[in-house]
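Asks: Here's my sequence, what's the structure:
(one chain, ligands or ions: 1)
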Amino acid sequence: MAYNDMQPFTHISVLQEEVCHYLNLKPGSICVDGTLGGCGHARSIIKYIFPNGRFIGIDQDIDAIKNAEVVLSKSLGNLIDNRINIVHGNFSELPKFLDLLGLTGVDAILLDLGLSFHQLMESQRGFSFQKDEFLDMRMDNRNTTTAADIINQYSESALADIFFKYGEERMSKRIAHKIVEKRTVSPITTTIDLVNIVKQVMPVKLLKTQKIHPATRIFQALRIEVNGELEHLKNFIANVPNMLNKGGRLCVISFHSLEDRVVKHSIRSWENGCTCHKNLPECLCGFVPKFKAVVRKPIIPSQKEINLNPLSRSAKLRVAEKL
Ligand SMILES: C[S@@+](CC[C@H](N)C(=O)[O-])C[C@H]1O[C@@H](n2cnc3c(N)ncnc32)[C@H](O)[C@@H]1O
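Replies: As a prediction, the model looks like this:
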């Protein structure tokens, strides 16, 4: 089902209060939400920074953009004016968007990575192993490669690599082998085809004892590959120091360890990228810290939030401030 503007998204935002607190929003702030989704965070942010703030909301999914146009204009009394810019694009292109909008820096940037509830449960794009749908998995429908293309065209070793690298799947080689065996008979095009292959490969004992659905890691890996998720995150992060104003905050919510690692290591390198030998009494390489981590450990949802929204259970929020 494509987006229908009579039914706004029903996404429940994760760590809503924490995000607004840690973004350090004030009336007049310029804030970017790089992952609009269902606009839950966006609506809260706008309340903090208006009337004289500026909000730039980005999403690569056209459904999210159409939803944002309706939802944000409703919450603003049908008035999206030049204080709000809704951009259909990838957050990795944020420097270009800011340039086009004539902005040299912003005070706060939020990324809430992963999928919206709409994408997972309503979009019919094959994101969920609980549904029988075409294996599409594109968040941005302007891209041409679907998950089905990858499953049917990549070599066995390339598939195994993706499953291992992006899904941390121990059965990666056996699953890739089975896929190649099956696709020589007929193409694999649906989520159920793929789930059945994974189940055939998994040892019965593992199927019985595993806490997560057996196809969880394979679906995660495919989604990351289809959407180039880690590359876009890395490209985005590399530009953050040039986009934030002094005192500006970056908040990133990630849902798996590969994303969290990128964010954690970047913040660490901005904070302490000194390359001197640790035995030297003082720094000689001239490294100047650009950021400080606002919280040492990532913020995670409370048990109460997880009970209300089980999809939030793996969320981790990291926060950095430009010095
Ligand atoms: C978890 S949802 C965001 C939910 C939102 N924070 C809310 O409160 O409703 C993630 C959204 O980010 C978008 N997204 C993911 N990666 C993106 C990227 N690289 N560029 C732009 N949008 C992206 C997805 O299309 C999806 O709509």
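Asks: Look at K47 and say how many residues are nearby.
Replies: When counting by other CB atoms under 10 Å, one arrives at 13 neighbours for K47. The way it works is simple: take the backbone N, C-alpha and C, and place the C-beta from them, glycine included.
Asks: my guess is it is in a helix, correct?
Replies: Yes. Counting by DSSP: H, G, I helix; E, B strand; the rest coil, K47 is part of a helix.
Asks: Let me know the distance separating the residue in the stretch 201-323 of the chain positioned nearest to the ligand from I58.
Replies: For the stretch 201-323 of the chain, the residue closest to the ligand is H232, as judged by CB to the nearest ligand atom, at 4.0 Å. Using CB to CB, to the nearest Å, H232 is found at 11 Å from I58.
Asks: Who has more neighbours out of the two?
Replies: I58 (24 against 17).
Asks: ok, and does the helix or strand hosting the more buried one reach over to the ligand?
Replies: Using DSSP states H and E, I58 sits in strand 54-59. Yes. Using CB under 6 Å from any ligand atom, strand 54-59 reaches the ligand at I58, D59.
Asks: can you give me the strands for the stretch 151-300 of the chain?
Replies: 244-254, 291-293 (DSSP state E, counting those that start in this stretch).
Asks: Just the pLDDT for the residue nearest to A160 when sequence neighbours are not counted.
Replies: By the measure of CB to CB, 6 or more residues apart in numbering, the closest residue to A160 outside its immediate chain neighbours is A176, 3.9 Å from it. pLDDT for A176: 98.
Asks: what sits against A176?
Replies: E156, S157, L159, A160, F163 (CB atoms under 8 Å, 6 or more residues apart in numbering).
Asks: Can you mark which positions in stretch 49-64 are buried?
Replies: Neighbour counts using 16 or more other CB atoms under 10 Å place 49-50, 53-61, 63-64 of stretch 49-64 among the buried residues.
Asks: Ends of it, what's the gap?
Replies: Using CA to CA, to the nearest Å, the end-to-end distance of stretch 49-64 comes out at 22 Å.
Asks: Equivalent analysis for stretch 35-53, please.
Replies: 19 Å.
Asks: is that stretch anywhere near the ligand?
Replies: Yes. Using CB under 6 Å from any ligand atom, stretch 35-53 reaches the ligand at T35, G37, G38, C39, G40, H41.
Asks: coming back round to it: wait, which of the buried residues of stretch 49-64 is closest to N242?
Replies: I56 (15.7 Å; CB to CB).
Asks: How much space separates the closest one from the ligand?
Replies: 12 Å (CB to the nearest ligand atom, to the nearest Å).
Asks: From G89, how far off is that residue?
Replies: 11 Å.
Asks: Between those two, which contacts overlap?
Replies: Common neighbours of I56 and G89 (CB under 8 Å, 6+ apart) are F97.
Asks: can you tell me which residues contact the residue nearest to F287 when sequence neighbours are not counted?
Replies: In this structure, F287 finds its nearest non-sequential neighbour in C274, 4.1 Å apart by CB to CB, 6+ apart. The contact partners of C274, by CB under 8 Å, 6+ apart, come to C283, C285, F287.
Asks: And for L317?
Replies: L15, E18, V19, Y22, C251, V252, I253, V295, P298, I299, I300.
Asks: now T191
Replies: G126, S128, F129, K131, D132, E133, F134, L135, F219.
Asks: Show me just the buried residues among the residues you listed.
Replies: By 16+ other CB under 10 Å, the contacts of T191 give G126, S128, F129, K131, E133, L135, F219 as buried.
Asks: Could I get the pLDDT score of the fifth one?
Replies: Pointing back at E133 there. 97.
Asks: where does the residue nearest to it when sequence neighbours are not counted fall, phi/psi-wise?
Replies: Sequence neighbours aside, G126 is the residue nearest to E133 in space, at 4.3 Å (criterion: CB to CB, 6+ apart). Dihedral pair for G126: phi 80, psi 30, per degrees, to the nearest 10.
Asks: Surely G126 is in contact with I150?
Replies: No. Counting by CB atoms under 8 Å, G126 stays clear of I150, with 11.7 Å between them.
Asks: Out of the buried ones among the contacts of T191, flag the one nearest to N196.
Replies: For the buried ones among the contacts of T191, the nearest to N196 is F129 (10.5 Å; CB to CB).
Asks: secondary structure class for V19?
Replies: Secondary structure of V19, per three-state DSSP, is helix.
Asks: That one: what's it in contact with?
Replies: S13, H41, S44, I45, L110, D112, C251, I253, L317.
Asks: go again using 6 Å as the cut-off
Replies: Going by CB atoms under 6 Å, 6 or more residues apart in numbering, V19 touches H41, C251.
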